[in-house]
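Participant: Structure here, sequence nowhere to be found:
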């Protein structure tokens, strides 16, 4: 098979490879490390891939050895099969496999598709698909016949061929060539229930989804695509529906039906128009399946009143218990997709009550989940607050109800009430019959209604809230069911702002909540009581009068209950307690002052214990921030917390940096909310400890956190910081900023935080106190800008000059014109080159707007004054050669581009046109409504996605309030008020009337002219 590679040393090389493969399986890290190095060397041996292929095919070898050989072969193919060079540095992948070796490997590998071991078949199939991505069809034309032959072979070869096709990357020609041959074979195998196992038939079904995806993406002609899909679905849909409707048996099982529903789900989400004609037949089958298995699910999973009749197995194919749950999840996901698809949503609007009713059945708590929660309260908090990490039936049911709420809105309220009425009636009958599980459907109903809470509270939904709250309130007496009482308390808390709550009712509910925090109660009920407390305070944070007075009067009791719950709690529960304490502190100042003696030490203890847990730490930070915002608490907080922070900042060695960045974050929070003057503790103890920590660390995170902390110190009391130790404060600032954060010898990520805002704060707050240090600071900024790769760092540094152009135009022009850049050119040339080449990639609302406004002002000044400090600056730009008339392929385009030198002011004008387009289009980029959706659009069509990288960064920006404040301060000094897109439009329109406009216009490309003349001037 590979005799051409055999020579005197061939066997020894093969034995060496086997030895290293065995070493790769070693648990000894030293042996493993050496084997990895040795294997890297062996990759360059002629015939390495061939020898691996032979080892894989040799069934005499042990399975682990064959599997690691497949992994190494796949890695070899990915690295040495083609000469793909790294785009950034042009580095080659190394020694390429020879054509002779490739042919031999391609001849050997297909034999693995017949291997009796399914793991080997699957892995070999993946490697074949990897090779086929580059070699098929031109270099491996026979692969098509190999696959067809496998499909006509035994079950093993059919499974192997199916695995290849699942991983296969199609192009248009391959779809048209393989499709007519493969699809009939797939259909034949799927429909031959007497000849093939469920596993083989499932493999056949799994080919459809990637094939449909490729057809949708590659067959762009709508008519051709429709013909192709119709020919497939016409044959398949009847059989798919047939086997979906069959009871479990030899012809169908839960796994097969799940795969069928996955195909339907894919069609609904990606190609709805092709499944639409079949929905009248598909939906009754789905509904029948959903309702038929509900009884089994409740008896076997929810209540465990019957022994599970399903088999459990070691493999996916044999584990019917897991596949049963998977089938339910898949059905619920399919329904969810129907609800969210505007083309198909109408098919279920008349059965909403029944759909909500059956979905509530499926979101009941299972016995297994209850047992998990009793054993681990952490899991309870994870599952109920965040949905948990596991995809469960309950979670999928919730998603369906949330989708109904989102898509149907107030129209879903009447069906919801109808479903609730039926469930409440059944629950009462079950309770009267002494069924111990009667409460589960009540709990599920409350969980379901919560998803519709916003619509219900709007008041015009006609939901009978009074009757609902009465039913929920009456459930509080069932203390024997902690999950029920806990859910009832939380439900009552979320509606507590309603006028339906009179003082007597509120007192009664609060007392039950407080009682539920008692140490003798179950952990689940106590945690639920904390969640309910959070709900009460959140719902009534703006309430005044008697309701607020009642809540405040209960806070000390709740604090005692929470403190009693702390011992023994782990991270997730502690985070929940921190969150509750935070809202309590925010709710009432007097309580915060009275309770700080208990709260602050707890915050310190949790901070020290969970400094490496970002989730807990975030909640501790929020609590500290809330305490800092209470002036009465700030002094005590500083007194207790600062010594701990200072001791952490003084640590040395490897362990020191683990908590120092976090300690600096906490110190930053404390300083930020301090009112001047700074206390002696902060100025004489914390400030020098912070400076010393930054100067002696090599951890970037500590440096960045220290820079932010320093900014807060300067913001709060610049005079005190400047005069610290008779003027040493300035030296401290310059040491940190110029010699650490902006040191070009350090990693660029030392400026990865908010270095721009720090430098701006230093310049604006300290002003004349800086003296000659301003020039030194700006020179350090220019030095740091050399050879940067991280866009965020470049942007942060550019923002400094943008801010100065807006506030001190002449001074910064003088500076940049007289100071040389790193390569001897004027610093102005260096800064503008770095700025203009990246402006369109900047992100963040503050950064993008400030830099755009600065360019407007700079351009306006340069055009008006023709200042040679600007007019002499040029910019090199890569443009297409208009004289080349060859057809524009990728390679031709690359070869005909050339560098041209244009005035920097021209480049600024081009950038501003692009910025206008960005701001205007991002403002118009809104979700489509049902009526807007294109009928030919096969996607769901209702999801709005971010259009730019910067849009992703706009959402959830923690500095939104600070950004807005900084922007407003800048706007006071400029003429740019209101919407940035409108300002740009006015600015560009005005310039089109300028005498210099024709000179600039001739430099514009056709797309730029189009934007300027059609979008800007037509406004």
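Facilitator: Structure's in. What do you need? All values derive from a computational prediction rather than experimental measurement.
Participant: so residue 858 sits right up against residue 909, yeah?
Facilitator: No. Taking contacts as Cβ atoms under 8 Å, residue 858 lies outside contact range of residue 909: 10.9 Å. Where C-beta positions appear, they are placed from N, C-alpha and C, glycine not excepted.
Participant: pull the helix or strand with minimum mean pLDDT from the protein.
Facilitator: helix 949-954 (a mean of 32; mean pLDDT, DSSP states H and E).
Participant: For the stretch 701-850 of the chain, which segments are assigned as helices?
Facilitator: Per DSSP state H, counting those that start in this stretch, the stretch 701-850 of the chain carries helices over the ranges 718-722, 728-736, 755-766, 773-784, 791-807, 809-818, 827-836, 845-865.
Participant: now do the stretch 101-250 of the chain
Facilitator: So, for the stretch 101-250 of the chain - with DSSP H, counting those that start in this stretch - the helices run 118-135, 143-151, 155-167, 172-191, 198-206, 208-218, 222-245.
Participant: Compare these and say which comes out lowest on pLDDT.
Facilitator: Of all the helices of the stretch 101-250 of the chain, the minimum mean pLDDT falls on helix 172-191 (a mean of 84).
Participant: Let me know how buried residue 793 is, in neighbour terms.
Facilitator: 21 (other Cβ atoms under 10 Å).
Participant: same question, residue 288
Facilitator: 12.
Participant: quick one: pLDDT of it?
Facilitator: pLDDT, residue 288: 93.
Participant: ok, now which ones touch it?
Facilitator: Residues in contact with residue 288 (Cβ atoms under 8 Å, 6 or more residues apart in numbering) are residue 245.
Participant: residues touching residue 431, list them.
Facilitator: Contacts of residue 431 by Cβ under 8 Å, 6+ apart are 438, 439.
Participant: at 7 Å instead, please
Facilitator: Applying Cβ atoms under 7 Å, 6 or more residues apart in numbering to residue 431 gives the contacts residue 438.
Participant: So it versus residue 444, what's the distance?
Facilitator: According to Cβ to Cβ, to the nearest Å, residue 431 and residue 444 sit 15 Å apart.
Participant: do the same with residue 106
Facilitator: The value you get for residue 106 to residue 444, if Cβ to Cβ is used, is 57 Å.
Participant: And residue 817, how close does it get to residue 994?
Facilitator: 24 Å.
Participant: Tell me which of these two has more neighbours.
Facilitator: For residue 817 versus residue 994, the count of surrounding residues by other Cβ under 10 Å is larger for residue 817: 17 against 13.
Participant: Any stretches of the stretch 751-900 of the chain with poor pLDDT?
Facilitator: Along the stretch 751-900 of the chain, the model assigns pLDDT under 70 to residues 880-896.
Participant: Residue 235 and residue 187 touch, don't they?
Facilitator: Yes. Taking Cβ atoms under 7 Å as the definition, residue 235 is a contact partner of residue 187 at 5.8 Å.
Participant: Identify the residues contacting the residue lying closest to residue 776 once chain neighbours are set aside.
Facilitator: Counting by Cβ to Cβ, 6 or more residues apart in numbering, residue 738 is the residue found nearest to residue 776 once chain neighbours are left out, at 6.2 Å. With contacts defined as Cβ under 7 Å, 6+ apart, the neighbours of residue 738 are 776, 777, 780.
Participant: How is the protein divided into domains?
Facilitator: 1-83+95-133, 465-591, 630-787, 790-924+962-1018 (the TED database).
Participant: among the ones you listed, which is nearest residue 410?
Facilitator: With Cβ to Cβ as the criterion, residue 410 lies closest to domain 465-591 of these, at 13.8 Å.
Participant: I'd like to know how many residues surround the residue lying closest to residue 69 once chain neighbours are set aside.
Facilitator: Spatial nearest neighbour of residue 69, chain neighbours left out: residue 55 (4.5 Å); criterion: Cβ to Cβ, 6+ apart. If you count neighbours by other Cβ under 10 Å, residue 55 ends up with 20.
Participant: Same check on residue 453?
Facilitator: Based on other Cβ under 10 Å, the number of other residues close to residue 453 is 14.
Participant: That one and residue 494 touch, don't they?
Facilitator: Yes. In this structure, residue 453 is within contact of residue 494 by Cβ under 7 Å, at 6.1 Å.
Participant: what about residue 877, distance to residue 72?
Facilitator: According to Cβ to Cβ, residue 877 and residue 72 sit 47 Å apart.
Participant: Look at these two and report which has more neighbours.
Facilitator: The residue with more neighbours, out of residue 877 and residue 72, is residue 72; 22 against 16, by other Cβ under 10 Å.
Participant: by how many degrees do the helix or strand where residue 875 lies and helix 827-836 diverge?
Facilitator: Taking DSSP states H and E as the criterion, residue 875 maps to strand 874-880. The directions of strand 874-880 and helix 827-836 differ by 40 degrees, with axes from the mean of the first three to the mean of the last three Cα atoms, to 10 degrees as the criterion.
Participant: which stretches of this protein aren't confidently modelled?
Facilitator: 1-10, 84-94, 247-252, 313-318, 386-389, 459, 654-658, 880-896, 923-978, 1015-1019.
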